[in-house]
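# coords please:
(2 chains)
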Amino acid sequence: MKVVQIAGFLGSGKTTTIIALSNIIARKNKKLAIIVNEIGEIPVDARIINEYGLKVREIGGGCICCELLVNLVYTLDELRKFYNPDIVMIEPSGVAIPSSIDDSIKMIKNDIEKGPIIVIFDGERGEELLLDDELSKFIKRQLINANIIAINKIDVINEDKIKYYEELLRAINPNAIILKISAKNGIGLELLADMVIK
Amino acid sequence: MNFHEEILANGYGCELKIQFNRLITPSEFYSIVHEIIENIAKELINNKAKIGHIKLYVKTSSGYLSADTIDLKYGININSSISNSENSFILVINIIAIKIDKNNIAKITNETLDKISQKYNFSKILIKNNFIHL
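Numbering: from 1, shown residues only, chains lettered A, B, ... in the order given. Sure, this is the predicted structure:
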């Protein structure tokens, strides 16, 4: 069972990416489960994902990068025992720190393979967020944790902006693979799905 | 262990049963949801908040509708599979915002719902709600 994080700041398009990726991965005959963490106790994302007929477990009422880490470990263990998917995609809340979740996944020994941390970067308002004094430090911290950074919403930004983001993101995290996607239109998702599977 | 000292996000979530005394068409559902999300966003912006997200989910017996925005300047996304006219639905709202108190987010949400309910003449029953503070 391979565990992959689809992280990123609030509104970056994590849920849309997960739904679109799930369809591609399912077509490749892989058994999939999704864990969604929402900070509040009244979920919206898990209900939407559920509408697509996907296997989804919801962890609510806090953030899985800190106070709910134990719940995540338990949920992963339950999924492995009773459903045994090939791939589990975790959607942390938009204010989670991916490295903390990753550390917990590494601690689980039972047949769990740690997949990449994919951080979705909002191509539409990413610059605005990175220029915000209060938010930029936090967003950079999420990006530094990524193995793959997916610049999302490329369907609504121009080529110059995409190039600017590539350089900016490469400076923040020189080790990450940078992809360009539109979760809404499916652009770049085949490649991302292949990276999730392999 | 708490990693959120750098980002003081607050939020509010609620689940309500909405009841009309007439049948509402799928396009009216769309308009009502659009107006709710637009009004909440406007008020958050007027209060100098930065919107993390506003997400809405509507469930009827014939389908569902999801809607979200991160700021009105980036538009409102709405997807709907509701195919029939109906007189009730379940509405779920989840809001995360920065630079605003959770009680203010709840106040803005509830006042918006009051205003829209008067305009479209529907009653609302609160099933549950939840204040979010990081």
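# going forward, measure contacts and count neighbours with C-alpha atoms only.
Fine.
# residues of chain A that sit close to chain B?
Residues of chain A lying close to chain B (CA under 8 Å from any CA of the partner chain) are A:10-11, A:39-44, A:47-48, A:65-67, A:95-97, A:124, A:134-135, A:137-138.
# so for stretch B:63-71, mean pLDDT?
Averaged over stretch B:63-71, pLDDT sits at 96.
# with stretch B:27-38 instead?
For stretch B:27-38, the per-residue pLDDT averages 96.
# buried sites along it?
Residues of stretch B:27-38 classed as buried by neighbour count (16 or more other CA atoms under 10 Å in any protein chain shown): B:29, B:30, B:32, B:33, B:34, B:36, B:37, B:38.
# can you say which of the residues of chain A next to chain B are buried?
Buried members of the residues of chain A next to chain B, scored by 16+ other CA under 10 Å, are A:10-11, A:39-44, A:47-48, A:65-66, A:95-97, A:124, A:135, A:137-138.
# tell me which of the residues you listed fall in helices.
Using DSSP state H, the subset of these located in helices is A:47, A:48, A:137, A:138.
# quick one: which of these is nearest residue A:198?
Lowest distance from residue A:198 to those (CA to CA) belongs to residue A:48, with 27.0 Å.
# surely that closest one is in contact with residue B:68?
No - at 11.7 Å, residue A:48 does not count as touching residue B:68 under the criterion of CA atoms under 8 Å.
# point out where the chain drops to low pLDDT.
You didn't say which chain, so I picked chain A. A:109-110 (pLDDT under 70).
# not what I meant, chain B
Applying pLDDT under 70 to chain B picks out residues B:1-6.
# which bits of chain B sit near chain A?
By the rule CA under 8 Å from any CA, the part of chain B lying against chain A is B:1-4, B:6-7, B:11-15, B:52-53, B:55-57, B:66, B:69-70, B:74, B:92-94, B:129-132.
# look up phi and psi at residue B:46.
The phi/psi pair for residue B:46 (degrees, to the nearest 10) reads phi -60, psi -30.
# roughly how far does it sit from chain A?
The gap separating residue B:46 from chain A is 18 Å, by CA to the nearest CA, to the nearest Å.
# and residue A:126, how many neighbours?
17 (other CA atoms under 10 Å in any protein chain shown).
# all helices of chain A, in order?
Ranges of helices in chain A, per DSSP H, are A:14-27, A:45-51, A:69-82, A:98-107, A:126-130, A:136-144, A:159-172, A:189-197.
# elements contacting the fifth one?
I take that to be helix A:126-130. Here helix A:126-130 touches helix A:136-144, going by 3 or more CA pairs under 8 Å, 6 or more residues apart in numbering or on different chains; DSSP states H and E.
# which helix or strand contains the one residue sitting closest to the centre of chain B?
By CA atoms, centre = their mean, chain B has its centre lying nearest to residue B:93, at 4.0 Å. Applying DSSP states H and E as the criterion places residue B:93 in strand B:86-98.
# can you give me the buried ones in that strand?
Neighbour count says strand B:86-98 has B:86, B:88, B:89, B:90, B:91, B:92, B:93, B:94, B:95, B:96, B:97, B:98 buried, by 16+ other CA under 10 Å.
# measure the most far-flung residue of chain A relative to its centre to residue A:122 for me?
Residue farthest from the centre of chain A, counting by CA atoms, centre = their mean, is residue A:160 at 25.5 Å. Residue A:160 sits 15 Å away from residue A:122, going by CA to CA, to the nearest Å.
# in chain A, where's the longest strand?
Of all the elements of type strand in chain A, the one with the most residues (DSSP state E) is strand A:113-122.
# direction included, what does that one pair against?
Paired strands of strand A:113-122, with direction, are strand A:2-8 (parallel), strand A:148-152 (parallel) (DSSP bridges).
# relative to helix A:14-27, how tilted is it?
Put simply, strand A:113-122 runs at 130 degrees to helix A:14-27, going by axes from the mean of the first three to the mean of the last three CA atoms, to 10 degrees.
# quick one: contacts of strand A:113-122?
A:1-9, A:11-14, A:98, A:102, A:105-106, A:142-143, A:145-153, A:196 (CA atoms under 8 Å, 6 or more residues apart in numbering or on different chains).
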